[in-house]
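**Student:** predicted structure and sequence below. I'll ask about it afterward.
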Amino acid sequence: MKNKPSLWNRNRRQPQVEPEAEIQAVVSPNLQGEILPLDIPANDPLLAYVQSSPGVIDLAQLNLDSPTLQGMREAGIRLALPLVSQGELIGLLNLGPRRSEQDYSSDDMRLLQNLATQAAPALRVAQLVRQQQAEARQRERIEQELRVARVIQETLLPAEIPVFKGWQIQPFWQPAREVSGDFYDFIQLPDGRMAVIIADVTDKGVPAALVMATTRSILRGAAEHMISPGEVLARTNDLLYPDIPQKMFVTCLYLLLEPESGKIVFANAGHNLPYLISNGQVTELRATGMPLGLLPGMQYEEVETQLSEGDALLLSSDGLVEAHNPNREMYGFEHMVKVMESKITTDEIVPELLRTLKEFTGENYEQEDDITLVTLLHTASGTHAEGSLNWSLVAEFDIPSQPGNERPASEKVIEILEAFSLDDTVKNRLQTAVAEATMNAMEHGNQYREDLPVRIRVTKSDAQINIRIHDFGQGIAQIEMVTPDLDSKLAGEQSPRGWGLFLIQNMVDEMNILQGEQGQIIELIVNR
């Protein structure tokens, strides 16, 4: 049965009806009782009897070998009236002996039958409402747990992008669901080299995310004790194999970069092959090996190559190449190679791949698999020293300090950045950050003075986008950032002033508060 029938006991003196049902008001204000769950076993003959009997049932007249019937009699139930809605038994209306000690009359039976006709639909509605509310609570609980899992998973990704003289490293990670089976990692080794890892766990959702976290920990542990990429993958495979769930495995590419020389050594455990982009030519770099967790005792081939100045290396998971358009055609490796061979600079590889993916799949595309991309760009020596990137102006404009102007300001910034193919989530978060920062500058910096505008300046480098919101408060100090403490707020010990800056900081990759010649600057930095 889809819904367990409800047992309504007439002989209860005090009603304890649950709020969702409110069934006594539908039936009669004079009939008070209690709605109780009634779980009749499928093999109990009473179930078949009540399903086939449309009228009032006198329990004293029944001769059935039924534990449920025996229990109802012991509870003092005299009559049972099946409540049927749309041909389905949804409950029983149960009555004890009359208080007058007289037998139930034929008029009583007709009244009960009419009562059942009215009560059944109302009880059915109450059951459906209760079921929907329970399902909504369950969905909310699961969604909350997935949000927490997503936050935890994001903390496992590198918090900072490594910076080396003459190199740019650009990661991109976009899960298809709340949590992901894809991951990437950067491990700085004592000898000055850096390990770059990209991996993809079969399946999606929470199981894949758990395997992802386990694999990451094992890889990091192996990298501390072993230098060879092949040895790291072999050790990880042997440790992962006994505990990985059946029919799951991990594809992984483990790469060692020597920043000074440009030398690269890598091993591959069944992952997508890396692509070298050099002088407009794209070369597939091959290395073989079984995925992690399939079989014990595996060995992994190592391949060595050299990246010269101007070269780039692309590492990717299969979420990009296996995306489909509305005609079920796959994006594919050939499409990806053509994009990389087109007349684009190395720092435009990832934005161009994402742009062409969106163009290929269409506006209504529902992402099928996690997408992870990592590019290693070998720039000219000294071009990008640590803390000194080549910035170029994208746009600059002023906006009057008037309430509500934060919205058009943030919308204009997002419009300006459309050419950079930012992820929708990044754009939404950035729009919130710009709006909050602009409002902060107008209110606390310029104090809504009409003669003091807010200046917004957008610049870009190969790796980042920088947005500066500059007030001209002439020395008027803005509020300082405060970490929200709800308990302190409720106790009257903390005001919400400064909470906006806390929000801004959590919407972008980096936030800085700078002192300008006049007023202050809130600097927002987003990694491309």
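**Tutor:** Arrived safely, thanks for sending. Numbering: from 1, shown residues only.
**Student:** select the longest helix from the chain.
**Tutor:** Using DSSP state H, we find that the single longest helix of the chain is helix 106-156.
**Student:** ok now that one, how far from the chain's centre?
**Tutor:** 26 Å (Cα atoms, centre = their mean, to the nearest Å).
**Student:** chain center to the next helix or strand after that helix: distance?
**Tutor:** Downstream of helix 106-156, the first helix or strand assigned by DSSP states H and E is strand 167-174. When distances are taken as Cα atoms, centre = their mean, strand 167-174 is centred 20 Å away from the chain's centroid.
**Student:** just stretch 86-95 next, same as before
**Tutor:** 43 Å.
**Student:** would you map the helices across the chain?
**Tutor:** Using DSSP H, helices in the chain cover 23-27, 45-52, 67-74, 106-156, 205-225, 229-240, 332-341, 349-361, 406-416, 424-440, 486-490, 499-505.
**Student:** still on that earlier bit, and the angle from the longest helix of the chain to helix 205-225?
**Tutor:** Here the directions of helix 106-156 and helix 205-225 differ by 20 degrees (axes from the mean of the first three to the mean of the last three Cα atoms, to 10 degrees).
**Student:** point out where the stretch 251-400 of the chain drops to low pLDDT.
**Tutor:** 343-344, 346, 380-391 (pLDDT under 70).
**Student:** mind listing the strands for it?
**Tutor:** 263-269, 275-278, 281-284, 302-306, 312-316, 371-378, 392-399 (DSSP state E, counting those that start in this stretch).
**Student:** turn those into a markdown table, columns for distance to residue 440 and mean neighbour count.
**Tutor:** (Glycine included, C-beta is placed from N, CA and C.) A markdown table is the format used below for those (distance: least, Cβ to Cβ, whole Å; neighbours: other Cβ atoms under 10 Å):
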| stretch | distance to residue 440 | mean neighbour count |
| --- | --- | --- |
| strand 263-269 | 45 | 23 |
| strand 275-278 | 42 | 19 |
| strand 281-284 | 46 | 13 |
| strand 302-306 | 49 | 15 |
| strand 312-316 | 39 | 24 |
| strand 371-378 | 34 | 24 |
| strand 392-399 | 13 | 13 |
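**Student:** tabulate the ones you listed in TSV, adding columns for distance to residue 133.
**Tutor:** Formatted as TSV, these follow (distance: least, Cβ to Cβ, whole Å):
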stretch	distance to residue 133
strand 263-269	47
strand 275-278	52
strand 281-284	55
strand 302-306	58
strand 312-316	44
strand 371-378	37
strand 392-399	46
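**Student:** out of these, which gets nearest to residue 118?
**Tutor:** strand 371-378 (56.7 Å; Cβ to Cβ).
**Student:** now the longest helix of the chain against strand 167-174, angle please.
**Tutor:** Using the same axes, to 10 degrees: helix 106-156 against strand 167-174 is 170 degrees.
**Student:** quick one: contacts for the closest residue to residue 364 other than its chain neighbours?
**Tutor:** Excluding its sequence neighbours, the residue lying closest to residue 364 (Cβ to Cβ, 6 or more residues apart in numbering) is residue 326, at 7.9 Å. By Cβ atoms under 8 Å, 6 or more residues apart in numbering, the contact set of residue 326 is 361, 362, 364.
**Student:** can you say which of the residues you listed are buried?
**Tutor:** Buried by 16 or more other Cβ atoms under 10 Å: residue 361, out of these.
**Student:** so which of the contacts of residue 326 is the closest to residue 526?
**Tutor:** For those, the nearest to residue 526 is residue 361 (23.7 Å; Cβ to Cβ).
**Student:** ok, that closest one touching residue 327?
**Tutor:** No: using Cβ atoms under 8 Å, residue 361 is not in contact with residue 327, being 10.5 Å away.
**Student:** nearest to residue 288, out of the helices of the chain?
**Tutor:** Using Cβ to Cβ, the nearest of the helices of the chain to residue 288 is helix 229-240, at 10.9 Å.
**Student:** re the thing from before, closest one to residue 75 among the strands of the stretch 251-400 of the chain?
**Tutor:** strand 371-378 (61.2 Å).
**Student:** so what strands line up beside that closest one?
**Tutor:** Each strand paired with strand 371-378, and its direction, by DSSP bridges: strand 167-174 (antiparallel), strand 312-316 (antiparallel).
**Student:** what average pLDDT does stretch 441-449 get?
**Tutor:** Stretch 441-449 carries an average pLDDT of 88.
**Student:** could you list the alpha-carbon positions for that stretch in CSV?
**Tutor:** Extracted C-alpha coordinates of stretch 441-449, given in CSV (Å, rounded to 0.1, in the frame of the first residue of the first chain):
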residue,chain,number,x,y,z
ALA,A,441,32.1,53.3,-0.6
MET,A,442,29.0,55.5,-1.2
GLU,A,443,27.7,55.3,2.3
HIS,A,444,30.7,55.1,4.6
GLY,A,445,33.4,56.6,2.3
ASN,A,446,31.5,59.4,0.5
GLN,A,447,28.6,59.5,3.0
TYR,A,448,26.3,59.9,0.0
ARG,A,449,27.7,63.3,-0.9
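**Student:** hmm, who's touching it?
**Tutor:** 401-403, 405-406, 452-454, 469-473, 476, 478-479, 519-520, 522.
**Student:** quick check on these: which are buried?
**Tutor:** 401, 405-406, 452-454, 469-473, 476, 478, 519-520, 522.
**Student:** how much space separates the residue located most distally from the centre of the chain from residue 418?
**Tutor:** Outermost residue of the chain with respect to the C-alpha centroid, by Cα atoms, centre = their mean, is residue 102; its distance is 65.0 Å. Separation of residue 102 from residue 418 (Cβ to Cβ, to the nearest Å): 83 Å.
**Student:** what's the answer for residue 119, then?
**Tutor:** Counting by Cβ to Cβ, the gap from residue 119 to residue 418 is 60 Å.
**Student:** excluding chain neighbours, what is closest to residue 226?
**Tutor:** Nearest one to residue 226, counting by Cβ to Cβ, 6+ apart, is residue 232 at 5.1 Å.
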